[in-house]
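*Asks:* can you look at this prediction? I've put the sequence above it.
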Amino acid sequence: MSQLDFLDRDTLAGALLVAVVVAFCAWVAGRLVRLAVHRILTRPKHVPSDPTAIQFMGQLARAGVYVFAVLTYAHLIPALSNLGSAWLASVGVLSVVVGLAAQNTLGNLIAGVTLLLYRPFNIGDRLQVTAPTGLETGVVESLNLGYTILRTPDERHIVIPNSLMSSQTNVNLSSSGGRLICLVPFTVSPDTDLEHARKVLIEIAGQFSKAEDYVGSPVTALSSTSVTLTLQVWCDGFKAAADLKSNLFEAARKRFKAEGIELR
């Protein structure tokens, strides 16, 4: 095999050499995009930016680099270029097959772009979402081309497809400036003196510094066998609300028993 064979794109050796060169250039370009995104995210003071948008657009740019590399390689190799007319005839059928096979993937990609444009949440926001395990709360760690990843307080990761994330109702707990209302339901017997029970709940809430402001204790459920009072107090963040809720349950159990209030 002569040296000219490696320079001739019509030969197998030449096609392999071009493939290596194109793959290397694509890898370098993708690496540069990743480094650029990392540099922008680590220097927010110098470049005002939205981390969610930058990470998402960086992933799109890297995907575009690889697609461009494949198309460039097909254009540079004469044997592949000559097949263009034959490929063109089957594009319609192929597009239908690929569309049906990848409809979920394409739907997630389009939904990810929608989330990026409307930005109902950003990376670092705390969301309340509906998952197969029920109502879950977590911090947005990543918004990529297909999925949104949340990290829960107990260090679990919830992976939600972007198509589901854009269609379901999400509660952004970070949009209130960090403060949120802690809701603690107490179910008592129907013959309970509700005003006395409310007074006891106010006194219990006042024992804890994490209960910043008392909102109220309205009746939120009613039946022939029980009445539910929901204590509502402002807290400084989700962690404080979770801790306060546990403390209030424990304190209320002891205090209600001493006051003769029956819990159901």
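*Replies:* Yep, it's here. Numbering: from 1, shown residues only.

*Asks:* okay, now the unreliable bits of the protein?
*Replies:* Residues of the chain that meet the criterion pLDDT under 70 lie in 1-10, 40-41, 43-53, 79-103, 175-178.

*Asks:* quick check: domain ranges of it?
*Replies:* Listed by automatic domain parsing, the domain ranges of the chain are 3-89, 121-172, 179-259.

*Asks:* nearest to G107, of the ones you listed?
*Replies:* Closest of the domains of the chain to G107 is domain 121-172, at 4.5 Å (criterion: Cβ to Cβ). Heads up, the C-betas are built off the backbone N, CA and C, glycines and all.

*Asks:* give me the distance from the closest one to the chain's centre.
*Replies:* 4 Å (Cα atoms, centre = their mean, to the nearest Å).

*Asks:* between the two ends of it, how far is it?
*Replies:* Domain 121-172 has its terminal residues 7 Å apart, counting by Cα to Cα, to the nearest Å.

*Asks:* strands of the stretch 151-264 of the chain, start to end?
*Replies:* 157-161, 171-172, 179-188, 213-216, 219-222, 227-236 (DSSP state E, counting those that start in this stretch).

*Asks:* measure stretch 208-223 end to end?
*Replies:* 31 Å.

*Asks:* mind listing what's buried in that stretch?
*Replies:* Buried residues in stretch 208-223, counted by 16 or more other Cβ atoms under 10 Å: 208, 210-211, 217.

*Asks:* rewinding a little: out of the strands of the stretch 151-264 of the chain, which is the most enclosed?
*Replies:* By mean neighbour count, with neighbours taken as mean count of other Cβ atoms under 10 Å, strand 227-236 ranks first of the strands of the stretch 151-264 of the chain at a mean of 20.

*Asks:* what sits up against that one?
*Replies:* 178-190, 192, 194, 197-198, 201, 205, 210-222, 241, 244, 248 (Cβ atoms under 8 Å, 6 or more residues apart in numbering).

*Asks:* if we can go back for a sec, would you turn the domains of the chain into TSV with distance to N104?
*Replies:* Output for the domains of the chain, formatted as TSV (distance: least, Cβ to Cβ, whole Å):
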stretch	distance to N104
domain 3-89	17
domain 121-172	7
domain 179-259	32
